[in-house]
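J.: Take a look and give me a structure for this.
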Amino acid sequence: MAYFDAASALPLHPIAQQALVAAVEEGWADPARPHREGRRARLLLDAARETAADAVGCRPDELVFTSSGTDALHRGVAGALAGRARAGRHLLVSAVEHSAVLLAAEAHGAAGGTVAEIPVDRLGRVAPDAVGAALGAAPGPTALVCVQSANHEVGTVQPVAEIAERCRAAGVPLLVDAAQSLGWGRVPGDWSLLAASAHKWGGPGGVGLLAVRKGTRFAPPAPVDERESGRVPGFENIPGIVAAAASLRAFRQEAEAEAARLTGLVELIRHRVPELVPDVQVVGDPTRRLPHLVTFSCLYVDGETLLHALDRAEFSVSSGSSCTSSTLTPSHVLRAMGVLSEGNVRVSLPPGTRRDEVERLLDVLPGVVAEVRARLAPPTGGAVTAPAEADDGPAELVLDSMGRLCPIPVIELARAIDRVPVGSTITVLADDVAARLDIPAWCELRGHEYLGELTTEFAHRVRRLH
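T.: Numbers count the residues shown, from 1 in each chain. Next comes the predicted model:
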């Protein structure tokens with residue numbers, strides 16, 4: 001089985017396994033106690049903190065350990081907002097942040113604060129000018145800006161240093177979600193808060209870290225106690241923390257060489273997949289990206305079905321497709337980028353991935369996609385209303401795809417486009433929320449014109465151009 005889902009989690013690094021076993025034997029006591037066993041546990045905890053702080057690029061007394069990366073983000077957002085409550089109640093988050101940040105923003109809004117999203121371009125990039133514009137357009141003083149260092153779905157690396165400069169000039173702290181990038185290197189720039197998760201670099205699950213630089217106003221959410229500088233209550237998971245710090249250091253030692261090697265393999269995937277599989281859109285920034293991650297979307301394919309088919313072919317990958325979600329809503333990342341969401345596949349290569357494994361994926365993928373497309377293609381299209389004269393041009397055809405989930409509306413549109421002459425329009429009636437994203441993306445890929453939605457709900461107009 002080829003495990004290509006490193007962006008979700010990595011297996012425990014061998015160094016982490018060794019550190020975990022040793023810390024279980026030596027670090028079981030309460031590090032707050034002055035006796036010998038407590039002092040031994042405290043030494044392990046302090047050494048792990050120094051190691052992690054060095055990797056982050058902060059002082060040891062600026063870093064605390066949490067129960068997860070999600071907990072670190074929630075505490076970071078809540079603490080920074082509480083610390084800045086007198087300055088303002090407005091929160092800015094990029095439109096492609098991890099759900100942990102978006103849920104924290106939602107909670108802030110429910111508590112009476114205001115929240116706005118910073119848009120991204122089609123590569124998923126947050127422009128520093130967009131941050132500056134959002135700060136200028138805020139309804140009141142901004143308390144916090146949240147921008148991830150690299151996107152978890154498409155791998156785009158954000159210009160954190162430039163964004164931090166805009167925030168610093170405005171006197172607003174910047175919180176960075178560094179979960180996907182910290183293993184590969186320090187996050188540049190004068191950020192104020194940073195959160196990460198150990199299982200992304202081969203550490204144990206259930207360990208996160210939060211760095212709050214000196215001078216950043218921060219009020220830990222209640223209840224608090226004396227643990228972790230009063231920012232994270234409860235007994236520290238010393239074995240997990242020690243293993244997390246050891247694996248971060250070990251991962252970093254291998255990162256430069258592995259990044260160069262994996263970048264080459266990702267480039268191979270980025271170039272070969274569109275050549276091997278028709279109607280595919282590779283998404284994310286082609287150059288400013290994580291070294292191990294590539295994402296592409298396939299027209300006329302159900303994402304969940306495709307993932308199961310690849311799993312049967314012995315490839316473990318993931319997806320941001322709406323069809324793999326119980327809510328059946330498009331990935332908020334792909335939606336914000338305005339790119340195709342159906343048939344979405346994220347390939348994230350773990351350290352040690354061999355070229356022959358990637359080549360085997362490229363050998364298998366065309367057949368798997370073709371099989372899924374054939375299986376999903378409906379025997380007949382949706383109900384079609386005969387062409388009639390349109391107000392702004394020749395005949396118009398109405399395609400009823402109401403009640404059909406992705407990717408069926410786009411499949412039916414592709415089948416129906418040849419039924420009208422060049423220059424004519426098709427109105428697609430589709431109530432699947434993914435249609436608002438996938439029909440415009442299909443038009444861009446196939447060279448037709450998307451005319452937008454009619455005032456009638458769920459009606460999308462497309463003009464045939466060739």
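J.: what's the neighbour count on the residue lying closest to Pro220 once chain neighbours are set aside?
T.: Among residues not flanking Pro220 along the chain, Arg231 sits closest, at 4.5 Å (Cβ to Cβ, 6 or more residues apart in numbering). All C-beta spots, glycine's among them, are computed from the backbone N, C-alpha and C. Using other Cβ atoms under 10 Å, Arg231 is surrounded by 22 other residues.
J.: Which phi and psi values does Arg231 adopt?
T.: Taking degrees, to the nearest 10, you get phi -100, psi -20 for the backbone angles of Arg231.
J.: from memory it sits against Asp225, does it?
T.: No - between Arg231 and Asp225 no contact is recorded; they are 9.9 Å apart, counting by Cβ atoms under 8 Å.
J.: list the contacts for the residue nearest to Pro220?
T.: Counting by Cβ atoms under 8 Å, 6 or more residues apart in numbering, Arg231 makes contact with 64, 75, 79, 210, 212, 218, 220, 224.
J.: Which among those residues count as buried?
T.: Buried subset of the contacts of Arg231 (neighbour count, 16 or more other Cβ atoms under 10 Å): 64, 75, 79, 210, 212, 218, 220.
J.: any chance of these in JSON lines, plus secondary structure, pLDDT and distance to Ile238?
T.: As requested, the buried ones among the contacts of Arg231 are exported to JSON lines (DSSP: H, G, I helix; E, B strand; the rest coil; pLDDT from 0 to 100; distance: Cβ to Cβ, whole Å):
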{"residue": "Val64", "secondary structure": "strand", "pLDDT": "98", "distance to Ile238": "14"}
{"residue": "Arg75", "secondary structure": "helix", "pLDDT": "97", "distance to Ile238": "19"}
{"residue": "Gly79", "secondary structure": "helix", "pLDDT": "97", "distance to Ile238": "23"}
{"residue": "Leu210", "secondary structure": "strand", "pLDDT": "98", "distance to Ile238": "17"}
{"residue": "Val212", "secondary structure": "strand", "pLDDT": "98", "distance to Ile238": "21"}
{"residue": "Phe218", "secondary structure": "coil", "pLDDT": "97", "distance to Ile238": "24"}
{"residue": "Pro220", "secondary structure": "coil", "pLDDT": "92", "distance to Ile238": "21"}
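J.: Make JSON lines out of those and add distance to Glu256.
T.: Supplementary listing: the buried ones among the contacts of Arg231 in JSON lines, determined by distance: Cβ to Cβ, whole Å:
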{"residue": "Val64", "distance to Glu256": "28"}
{"residue": "Arg75", "distance to Glu256": "31"}
{"residue": "Gly79", "distance to Glu256": "33"}
{"residue": "Leu210", "distance to Glu256": "26"}
{"residue": "Val212", "distance to Glu256": "28"}
{"residue": "Phe218", "distance to Glu256": "33"}
{"residue": "Pro220", "distance to Glu256": "36"}
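J.: Spell out the residue ranges of the helices in the stretch 351-466 of the chain.
T.: 355-376, 408-416, 435-446 (DSSP state H, counting those that start in this stretch).
J.: Over to the chain?
T.: 14-26, 36-56, 69-83, 99-110, 128-137, 160-170, 238-276, 303-312, 332-337, 355-376, 408-416, 435-446 (DSSP state H).
J.: Distance to Ser401 for those helices - can I get that in TSV?
T.: Putting these into TSV (distance: least, Cβ to Cβ, whole Å) gives the following:
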stretch	distance to Ser401
helix 14-26	50
helix 36-56	50
helix 69-83	37
helix 99-110	29
helix 128-137	35
helix 160-170	41
helix 238-276	27
helix 303-312	18
helix 332-337	19
helix 355-376	14
helix 408-416	4
helix 435-446	8
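J.: Of all those, which one comes closest to Ala198?
T.: For Ala198, the closest of the helices of the chain is helix 238-276, at 3.6 Å, according to Cβ to Cβ.
J.: out of the helices of the stretch 351-466 of the chain, which comes closest to Val428?
T.: From the helices of the stretch 351-466 of the chain, taking Cβ to Cβ, the stretch that ends up closest is helix 408-416, at 5.4 Å.
J.: buried sites along that closest one?
T.: For helix 408-416, using 16+ other Cβ under 10 Å, the buried residues are 408-416.
J.: Repeat that for stretch 453-464.
T.: So stretch 453-464, judged by 16+ other Cβ under 10 Å, has buried residues 453, 458, 460-464.
J.: For it, give the mean pLDDT please.
T.: Across stretch 453-464, pLDDT averages out at 83.
J.: Quick one: distance of it to the chain centre.
T.: A distance of 30 Å separates the centroid of the chain from that of stretch 453-464, by Cα atoms, centre = their mean, to the nearest Å.
J.: now stretch 7-24
T.: 24 Å.
J.: Next: stretch 70-77.
T.: For stretch 70-77, the distance to the chain centre is 16 Å (Cα atoms, centre = their mean).
J.: Ok, stretch 412-424 next?
T.: The answer for stretch 412-424 is 35 Å, by Cα atoms, centre = their mean.
J.: try stretch 363-381
T.: 27 Å.
J.: swap in stretch 348-363?
T.: Counting by Cα atoms, centre = their mean, stretch 348-363 comes out at 21 Å from the chain centroid.
J.: before we move on, what about stretch 86-106?
T.: From the chain centre to the centre of stretch 86-106 is a distance of 15 Å (Cα atoms, centre = their mean).
J.: Run through the residues that contact Leu361.
T.: Contact partners of Leu361, counting by Cβ under 8 Å, 6+ apart, are 2, 4, 269, 315, 347.
J.: do that again at 10 Å, thanks
T.: Leu361 makes contact with 2, 4, 265, 268-269, 272-273, 310, 313-315, 317, 345, 347, 349, 368, according to Cβ atoms under 10 Å, 6 or more residues apart in numbering.
J.: Filter those down to just the buried residues.
T.: The neighbour count (16+ other Cβ under 10 Å) marks 2, 4, 265, 268-269, 273, 310, 313, 315, 317, 345, 347, 349, 368 as buried among the contacts of Leu361.
J.: List just the nearest of those to Ala255.
T.: Out of the buried ones among the contacts of Leu361, the member with the shortest distance to Ala255 (by Cβ to Cβ) is Leu349, at 13.3 Å.
J.: Next one: the closest one, what pLDDT does it get?
T.: 98.
J.: Ok, Pro221 next?
T.: 85.
J.: same thing with the one 10 residues further on?
T.: For Arg231, the model assigns a pLDDT of 92.
J.: The helices of the stretch 351-466 of the chain into CSV, with extra columns for mean pLDDT and distance to Arg49?
T.: Formatted as CSV, the helices of the stretch 351-466 of the chain follow (pLDDT from 0 to 100; distance: least, Cβ to Cβ, whole Å):
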stretch, mean pLDDT, distance to Arg49
helix 355-376, 94, 37
helix 408-416, 87, 51
helix 435-446, 86, 44
